[in-house]
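Engineer: Sequence first, then the predicted structure, then my questions.
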Amino acid sequence: MRKNLLLSIVSLFLCIGVQAQILEPVKWKVSLQGEGQEKEIVFHAFIEDGWHLYATDIPQGGPIPTSFSFDELSQVSLKGEVTPAQRPHEEYSSLFDMKLGWYNSKIDFKQALTIDDPDNFKITGYITYQACNDVTCLPPTKYEFSFGESQAEAAPAPVMTPVAFNTKSSSSLTDQPGWQPVIEQIQSMDSDGVHHSDSLWFIFLSGFVGGLLALLTPCVWPMIPLTVSFFLKKQQSRRKAIGEAILYGLSIIVIYVGVGLLITLLFGASALNDLATNALFNILFFALLVLFAVSFFGAFEITLPASWSNKLDRKADTATGIIAIFFMAFTLVLVSFSCTGPIIGTLLVEAASWGGKLAPAVGMGGFAIALAIPFALFAMFPSLMKQMPKSGGWLNMVKVVLGFLELALSLKFLSVADLAYGWHILDRETFLVLWIVIFALLGFYLLGKISFSHDSPVKYVSVPRLFLAIVSLSFSIYMIPGLWGAPLKAISAFAPPLYTQDFNLYDQEVHAAFNDYNEGLAYARKEKKPILIDFSGYGCVNCRKMEASVWTDPKVKGILEKQYVLITLMVDDKEKLSKPITVTENGKQVKLTTVGEKWSFLQRYKFGANAQPYYVIIDDKGEPLAAPYGYDESVPRFVKFLQSGLKAFNK
């Protein structure tokens with residue numbers, strides 16, 4: 001996942017609600033091509049942005065590879081194996097601890113064959129595949145195809161359509177108690193705020209906080225008197241001065257929001273998301289943040305060419321009206337870049353990975369509004385400058401504090417690269433030790449025990465510095481138990497996964513009592529308890545995050561273990577069923593051959609959903625008691641979800 005500097009400062013974590021729905025990110029079109037007896041089957045895969053399709057040669061123990069099976073070949077002989085038209089993208093997966101290959105956007109697979117009798121042949125088979133994105137993995141899916149007899153030389157097979165909600169089974173599987181569909185009941189339920197997405201609001205707020213922080217940097221603060229001087233020189237009516245001050249603030253907002261929109265249009269939200277998870281990019285961003293941190297510590301100054309700002313400044317002086325105001329705003333943006341650059345860069349990349357197409361513009365809008373309001377106010381009321389603290393040592397202190405924060409955040413980006421390449425140089429305990437030292441040093445700096453070359457002498461510790469030092473040192477002490485395996489929920493989004501830690505004494509995880517739906521249902525009927533079904537997967541990253549940050553909460557843990565029958569169903573479980581089960585889905589007969597396929601079918605057939613994590617509360621008859629719950633790491637909301645199910649059950 002992917003959190004920015006500003007979120008870390010205000011300790012805000014994004015919550016993404018997931019509604020019940022059938023997702024279909026990969027669509028297939030299968031065609032038989034060629035003349036005479038020598039032909040080939042072309043499997044065209046169309047993959048939605050942000051999703052990927054695994055390659056055909058995944059190592060043992062990894063996710064489900066894309067595979068092609070042929071059930072019937074009459075008057076047909078295959079030549080070789082199915083081959084992809086291009087090499088897959090390869091990257092190390094920390095979840096499966098191996099290098100994996102996958103395809104984005106689209107890919108063609110080809111199978112050469114010889115048809116002995118073009119007028120009388122038959123080919124049937126199916127494709128097995130799994131689609132994933134950076135948030136979730138869907139369960140393994142099958143797509144069936146056939147050629148020959150009445151279909152010989154026919155038009156290409158149609159693209160697979162979504163699974164219909166009125167799916168019916170041709171076996172006795174769905175006649176069992178508790179398997180009957182409840183999709184209409186679930187859709188009619190009021191989610192009562194459980195499902196929602198506040199990501200854009202969090203991105204806006206984080207951008208706003210970043211703008212306030214940027215205001216306190218040595219690159220931006222000195223621009224306030226220059227702004228006041230610019231507007232005082234104009235000597236105009238009070239009404240016109242206020243209008244131009246507002247226009248000045250709007251110009252700042254337009255410039256920053258325009259940058260966000262331009263970057264999104266040039267690269268696309270999916271490209272920015274790819275950057276946020278790209279190992280090489282994370283190494284580069286780690287190096288840049290370290291460079292900025294060293295600069296903020298006073299080793300050297302990073303500045304843009306003076307000719308740029310001077311030229312814009314002259315334009316602002318010679319131009320008139322709206323053009324002059326716009327050039328003044330652009331001068332502010334350019335001059336302040338050396339301090340705002342790290343904040344803006346992190347905001348853009350991380351916003352794209354969390355909020356979609358609008359997120360970069362929303363984040364930049366929040367940043368610009370926070371930066372524009374003070375400048376517009378000072379332009380309207382120049383007398384406010386008399387009450388403003390003068391530039392001095394306190395500004396350098398702010399700069400050094402930002403340097404420590406950037407140094408800490410840089411390790412987050414290095415951690416992503418470390419997990420991607422499998423270096424194991426920044427496992428969880430190493431990461432925590434470095435953060436403990438960084439924030440301890442920050443605390444000592446705020447107390448005046450450490451100083452840098454540009455610092456003014458600290459004659460006494462002011463009250464704000466004292467409180468900031470207390471926060472920083474307390475945070476260091478808070479992280480120490482993590483060296484022995486404490487979950488440290490406050491930084492779980494930043495630190496490497498718990499499984500990378502060699503020494504772990506933590507044993508408070510919650511484990512389901514049942515991994516079989518029918519067995520759990522029978523037990524609940526006997527004990528007269530409600531059921532929480534956890535549709536999960538071995539490849540579901542957000543399932544692990546929910547288990548680590550929400551289920552381990554004492555209140556949640558107590559409710560789950562004492563008042564519910566917890567059933568976890570892994571939709572990607574590869575264990576073979578003792579006997580294949582044939583069901584009819586979307587007008588086609590489908591064979592369920594693994595345990596995971598069975599539970600995935602249950603989720604689609606009964607609840608009309610196929611995304612994980614997916615939590616649903618039912619009674620011992622299989623009837624829903626509350627609206628389903630998706631990925632949302634808010635403990636109070638999850639407790640509310642559980643209590644609503646208990647309340648309905650007790651009625």
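Structural biologist: Received it, and whenever you're ready, just let me know what you need.
Engineer: How far does stretch 93-111 sit from its chain's centre?
Structural biologist: Distance of stretch 93-111 from its chain centroid, counting by CA atoms, centre = their mean, to the nearest Å, is 19 Å.
Engineer: if you average pLDDT over the strand or helix carrying residue 292, what comes out?
Structural biologist: Using DSSP states H and E, residue 292 falls within helix 279-296. Helix 279-296 carries an average pLDDT of 80.
Engineer: Now do the strands in the stretch 101-250 of the chain.
Structural biologist: For the stretch 101-250 of the chain, the strands defined by DSSP state E, counting those that start in this stretch cover 106-115, 122-129, 131-132, 141-148.
Engineer: still on that earlier bit, ok now the helix holding residue 292, how far from the chain's centre?
Structural biologist: The answer for helix 279-296 is 21 Å, by CA atoms, centre = their mean.
Engineer: That helix - contacts with which helices or strands?
Structural biologist: If contacts are counted by 3 or more CB pairs under 8 Å, 6 or more residues apart in numbering; DSSP states H and E, helix 279-296 sits against helix 337-355, helix 393-421. (C-beta placed from N, C-alpha, C; glycine too.)
Engineer: if we go to 10 Å?
Structural biologist: helix 269-277, helix 337-355, helix 393-421 (3 or more CB pairs under 10 Å, 6 or more residues apart in numbering; DSSP states H and E).
Engineer: okay, the angle between the longest one and helix 279-296?
Structural biologist: Inter-element angle recorded for helix 393-421 and helix 279-296: 160 degrees (by axes from the mean of the first three to the mean of the last three CA atoms, to 10 degrees).
Engineer: If you count neighbours, what's buried in helix 393-421?
Structural biologist: Across helix 393-421, burial judged by 16 or more other CB atoms under 10 Å covers 394-421.
Engineer: Please state the mean pLDDT value computed over that helix.
Structural biologist: 78.
Engineer: Distance from the helix or strand following it to the middle of the chain?
Structural biologist: Once the chain leaves helix 393-421, the next helix or strand it forms, by DSSP H and E, is helix 428-446. With CA atoms, centre = their mean as the basis, helix 428-446 stands 26 Å off its chain's centre.
Engineer: Of all the residues in helix 428-446, which ones are buried?
Structural biologist: Quick answer for helix 428-446 (16+ other CB under 10 Å): 428-432, 435-436, 438-443, 445-446.
Engineer: Point out where the stretch 501-650 of the chain drops to low pLDDT.
Structural biologist: Filtered on pLDDT under 70, the stretch 501-650 of the chain yields the residue ranges 506-507, 538-541, 544, 586-587.
Engineer: What ranges does it have for its strands?
Structural biologist: Taking DSSP E, counting those that start in this stretch as the criterion, the stretch 501-650 of the chain carries its strands at 531-536, 565-570, 576-585, 588-594, 614-618.
Engineer: Check which residues of the longest one are buried.
Structural biologist: Of all the residues in strand 576-585, those buried under the rule 16+ other CB under 10 Å are 581, 583, 585.
Engineer: And for stretch 240-258?
Structural biologist: Applying a neighbour-count criterion of 16+ other CB under 10 Å, one finds 241, 244-245, 247-253, 255-257 buried in stretch 240-258.
Engineer: And for stretch 545-559?
Structural biologist: 545, 546, 547, 548, 549, 550, 551, 552, 553, 556, 559.
Engineer: wait, isn't the fifth one in contact with residue 510?
Structural biologist: No. Between residue 549 and residue 510 there is no contact under CB atoms under 10 Å: 11.7 Å.
Engineer: Determine the residues that are contacts of both of the two.
Structural biologist: Shared contacts of residue 549 and residue 510, defined by CB atoms under 10 Å, 6 or more residues apart in numbering, comprise residue 556.
Engineer: Which segments of the protein make up each domain?
Structural biologist: Domain ranges of the chain: 26-161, 199-498, 517-650, per automatic domain parsing.
Engineer: Please name whichever of the ones you listed is nearest to residue 173.
Structural biologist: Nearest of the domains of the chain to residue 173, taken as CB to CB: domain 517-650 at 5.4 Å.
Engineer: Span of the closest one from start to end?
Structural biologist: 22 Å (CA to CA, to the nearest Å).
Engineer: Not counting residues beside it along the chain, what's closest to residue 248?
Structural biologist: If the residues on either side of it in the chain are set aside, residue 248 comes closest to residue 325, at 5.1 Å by CB to CB, 6 or more residues apart in numbering.
Engineer: what helix or strand is that neighbour on?
Structural biologist: helix 321-335.
Engineer: Just the mean pLDDT for that helix, thanks.
Structural biologist: The average pLDDT within helix 321-335 is 71.
Engineer: could you dump the domains of the chain to JSON lines with distance to residue 504?
Structural biologist: Below are those laid out as JSON lines (distance: least, CB to CB, whole Å):
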{"stretch": "domain 26-161", "distance to residue 504": "16"}
{"stretch": "domain 199-498", "distance to residue 504": "4"}
{"stretch": "domain 517-650", "distance to residue 504": "12"}
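Engineer: closest one to residue 176 among the ones you listed?
Structural biologist: Of the domains of the chain, the one closest to residue 176 (CB to CB) turns out to be domain 517-650, at 6.6 Å.
Engineer: How far off centre is the closest one?
Structural biologist: That offset, for domain 517-650, works out to 23 Å (CA atoms, centre = their mean).
Engineer: go on, stretch 465-476?
Structural biologist: With CA atoms, centre = their mean, you get 30 Å for stretch 465-476.
Engineer: buried sites along that stretch?
Structural biologist: So stretch 465-476, judged by 16+ other CB under 10 Å, has buried residues 465, 468, 469, 472, 473, 475, 476.
Engineer: From what I see, residue 378 and residue 215 are in contact.
Structural biologist: No. Residue 378 lies out of contact with residue 215 (CB under 10 Å); the separation is 11.0 Å.
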